[in-house]
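In: Quick check, what structure comes out for this input:
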Amino acid sequence: MVRDVWRVAFVVCLAALAASAGAVTIDEAGVGPLARLARLGGGTTARVSSNDPTTGNQDSVPIDPGETKVVLDEGGPGCIRHLWMTLKAKKGIGKPDYHLRKIVIRMFWEGESNPSVEAPLGDFFGLGHAEYYSYTSLPMVVGVKKGMNCYFPMPFASHARIEVENQGELPIEKFYYNVDFERYDQAPGENWGRFHATWHRSNPTKPVDPPSQKTRFDDNTVILDAQGRGRYLGCNLSAHCLDQGWWGEGDDMIAIDGSSPTLRGTGTEDYFGCAWGFPEVCATPYFGVAYLDSETDPEKTTVYRWHIEDAVNFGQRIKVTLEHGEGNSRADDVSTTAYWYQVEPHKVLDPLPAVADRLPRERVRALPEEDKGKSTTRPVVIPQPQPEETEATDATGVELTAVMAILKYVYIPVILVVVGRWAYRRSVRRGRRDVEA
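Out: Okay, the predicted model is just below:
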């Protein structure tokens with residue numbers, strides 16, 4: 001009797017284990033960005049903005065030339081979840097307005113005196129060449145050309161500070177901003193990196209003659225050179241092609257925790273997720289061509305690439321570089337903004353060039369007639385190219401597809417009819433022989 005009870009209990013336990021092994025709870029289900037939206041809890045939601053304190057509609061602040069406006073000055077712990085900015089700048093007379101390169105955004109974490117983020121405002125949000133345009137990616141979005149959004153999480157333990165400086169000669173008449181963040185009871189752990197971004201420009205890149213094959217890593221354009229433990233998030237790149245011909249073809253080379261490249265790529269357009277150059281504007285969550293000044297004769301291009309699904313982790317140091325042309329053979333104007341997380345303290349960022357050295361070049365070549373009046377900042381659908389020979393032919397020149405059509409609609413039905421009549425007659429003759437027998 002006791003033995004039977006133990007047997008029953010053992011079977012019940014096995015059944016329970018099997019059922020629990022196959023069960024899925026709601027906390028385990030779903031991996032997409034929307035999967036856990038229904039899960040309640042988290043930090044306390046907060047916001048700072050340029051909202052009019054009088055409840056009027058003057059929801060902006062001016063920034064005079066040389067003035068620095070503090071956008072966020074917040075004690076921790078917390079995490080910035082969304083950053084939105086837009087502005088109206090006073091325009092000069094008789095000369096282009098390049099205020100997106102003249103305004104600088106900086107971010108400081110944990111009371112540090114040197115910034116973790118320092119870049120021209122436009123380039124930080126992916127607007128290269130000091131131009132406004134719309135594009136959509138997962139962490140960065142510019143809506144209707146002037147609504148600049150950043151969704152990179154920016155955790156902090158004790159303090160966060162964001163400031164914007166007007167280094168131009170004209171005032172920013174209206175500067176709007178919203179900073180959405182969360183407050184927490186506990187500081188982020190040691191595995192939570194701090195957000196960083198830096199801007200570099202090579203104007204122009206230095207060509208190697210003859211093109212280098214052995215030491216080209218040292219000659220490459222440097223996108224990021226950081227020390228510490230962290231994760232490289234990606235970059236945007238704005239190129240002004242100074243010579244005729246394809247300005248890319250340079251390989252990406254990334255050295256992780258060493259002096260030699262750990263990751264080697266196959267070409268500029270390949271690294272930025274495209275192929276056969278950048279012939280049209282496109283935008284995807286992780287890569288894209290955000291801007292072309294011409295689709296028939298491109299001179300200015302802005303592209304981006306995010307390492308979100310394909311993380312690039314480093315333990316001590318990372319150096320992200322890109323050849324400027326095959327074997328560093330070209331001289332072009334190349335600007336980049338790199339983004340990454342790392343634990344503090346960080347290597348002091350290279351200082352930004354003076355305003356005059358940040359301004360974009362004017363287009364050298366005349367805009368082709370095909371591009372005049374056409375927006376080059378929106379995706380253009382291009383018909384798929386057709387192969388040169390869509391129909392295979394035999395040695396006599398008869399198209400095989402036509403032969404197949406004849407077989408399908410003429411010969412095959414005829415054959416089926418003939419075979420059917422033969423089978424019917426044979427069965428009739430066999431039946432007569434059976435009757436006679």
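In: what about the stretch 201-350 of the chain, any weak spots by pLDDT?
Out: Within the stretch 201-350 of the chain, the stretches with pLDDT under 70 are 211-215.
In: where do the helices sit along it?
Out: With DSSP state H, counting those that start in this stretch as the criterion, the stretch 201-350 of the chain has helices at 216-219, 268-271.
In: What residues sit buried inside the first one?
Out: Using 16 or more other CB atoms under 10 Å as the test for burial, helix 216-219 gives 216-217, 219. C-beta coordinates here come from the backbone N, C-alpha and C atoms, glycine included.
In: Just name the closest of those residues to residue 162, please.
Out: The shortest approach to residue 162 among the buried residues of helix 216-219 belongs to residue 217, at 35.1 Å (CB to CB).
In: show me the contacts for residue 362.
Out: Neighbouring residues of residue 362 by CB atoms under 8 Å, 6 or more residues apart in numbering: residue 96.
In: Is it in a helix, a strand, or coil?
Out: coil (DSSP: H, G, I helix; E, B strand; the rest coil).
In: quick revisit: so which of the helices of the stretch 201-350 of the chain is nearest residue 117?
Out: Across the helices of the stretch 201-350 of the chain, closest to residue 117 is helix 268-271 (CB to CB), at 23.1 Å.
In: Now do the closest residue to residue 359 other than its chain neighbours, the pLDDT please.
Out: Once flanking residues are discounted, residue 359 sits nearest to residue 98: 5.0 Å by CB to CB, 6 or more residues apart in numbering. Per-residue confidence (pLDDT) for residue 98: 93.
In: same check, this time on residue 354
Out: Per-residue pLDDT puts residue 354 at 96.
In: Now the terminal residues of stretch 288-302, how far apart.
Out: With CA to CA, to the nearest Å as the measure, stretch 288-302 spans 9 Å from end to end.
In: Report the beta-bridge partners for the nearest residue to residue 73 once chain neighbours are set aside.
Out: Nearest residue to residue 73, sequence neighbours excluded (CB to CB, 6+ apart): residue 161, at 5.3 Å. With DSSP bridges as the criterion, residue 161 is bridged to residue 73, residue 108.
In: Tabulate the helices of the stretch 201-350 of the chain in CSV, adding columns for distance to residue 423.
Out: Shown next, in CSV, are the helices of the stretch 201-350 of the chain (distance: least, CB to CB, whole Å):
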stretch, distance to residue 423
helix 216-219, 76
helix 268-271, 61
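In: Quick one, which of these gets closest to residue 205.
Out: helix 216-219 (9.2 Å).
In: ok, residues contacting the closest one?
Out: With CB under 8 Å, 6+ apart as the criterion, helix 216-219 contacts 206, 208, 212, 253, 255, 260-261, 321, 323, 327-328.
In: Quick check: the farthest pair among the residues you listed?
Out: 206 and 260 (21.2 Å).
In: Tell me which of those two has more neighbours.
Out: residue 206 (12 against 9; other CB atoms under 10 Å).
In: Show the contacting residues for the more buried one.
Out: 219, 328, 331.
In: As JSON lines, these with distance to residue 121 would be great.
Out: Listed next are these as JSON lines, based on distance: CB to CB, whole Å:
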{"residue": "219", "distance to residue 121": "31"}
{"residue": "328", "distance to residue 121": "30"}
{"residue": "331", "distance to residue 121": "28"}
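In: returning to that earlier point: pLDDT at the residue nearest to residue 73, what is it?
Out: pLDDT, residue 161: 98.
In: Around it, how many other residues sit close by?
Out: Other residues within reach of residue 161, judged by other CB under 10 Å, total 19.
In: wait, what's in contact with it?
Out: 70, 72-74, 107-109.
In: in what helix or strand does residue 122 lie?
Out: Residue 122 is located in helix 121-124, with elements delineated by DSSP states H and E.
In: what residues does that helix touch?
Out: By CB under 8 Å, 6+ apart, helix 121-124 touches 85, 100-101, 103-105, 117, 128, 130-131, 148, 150, 164, 197, 199, 236, 238, 335, 337.
In: After it, which helix or strand is next?
Out: That would be, after helix 121-124 and using DSSP H and E, strand 135-136.
In: Counting by contacts, list what that next one packs against.
Out: strand 140-143, strand 287-292 (3 or more CB pairs under 8 Å, 6 or more residues apart in numbering; DSSP states H and E).
In: Identify the residues contacting that strand?
Out: 126, 141-142, 281, 283, 288, 290-291, 304, 377.
In: If we use 10 Å, what do you get?
Out: Strand 135-136 is contacted by residues 125-127, 141-143, 145, 149, 236, 281-285, 288-291, 302, 304, 377-379 when judged by CB atoms under 10 Å, 6 or more residues apart in numbering.
In: strand partners of it, parallel vs antiparallel please.
Out: Assessed with DSSP bridges, strand 135-136 is paired to strand 140-143 (antiparallel).
In: burial measure for the closest residue to residue 258 other than its chain neighbours, as a count.
Out: Among residues not flanking residue 258 along the chain, residue 317 sits closest, at 7.8 Å (CB to CB, 6+ apart). Other residues lying near residue 317 total 17 when counted by other CB under 10 Å.
In: got the contact list for residue 317?
Out: Counted by CB under 10 Å, 6+ apart, residue 317 has contacts 225-230, 255-259, 347.
In: looking at the helices of the stretch 201-350 of the chain, which is closest to residue 171?
Out: helix 268-271 (38.5 Å).
In: Could you check that closest one and say which residues are buried?
Out: Buried, per 16+ other CB under 10 Å, within helix 268-271: 268-269, 271.
In: that older thread, make JSON lines from the contacts of helix 216-219 and add distance to residue 173 to it.
Out: Supplementary listing: these in JSON lines, determined by distance: CB to CB, whole Å:
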{"residue": "206", "distance to residue 173": "40"}
{"residue": "208", "distance to residue 173": "46"}
{"residue": "212", "distance to residue 173": "49"}
{"residue": "253", "distance to residue 173": "44"}
{"residue": "255", "distance to residue 173": "45"}
{"residue": "260", "distance to residue 173": "51"}
{"residue": "261", "distance to residue 173": "47"}
{"residue": "321", "distance to residue 173": "40"}
{"residue": "323", "distance to residue 173": "42"}
{"residue": "327", "distance to residue 173": "48"}
{"residue": "328", "distance to residue 173": "43"}
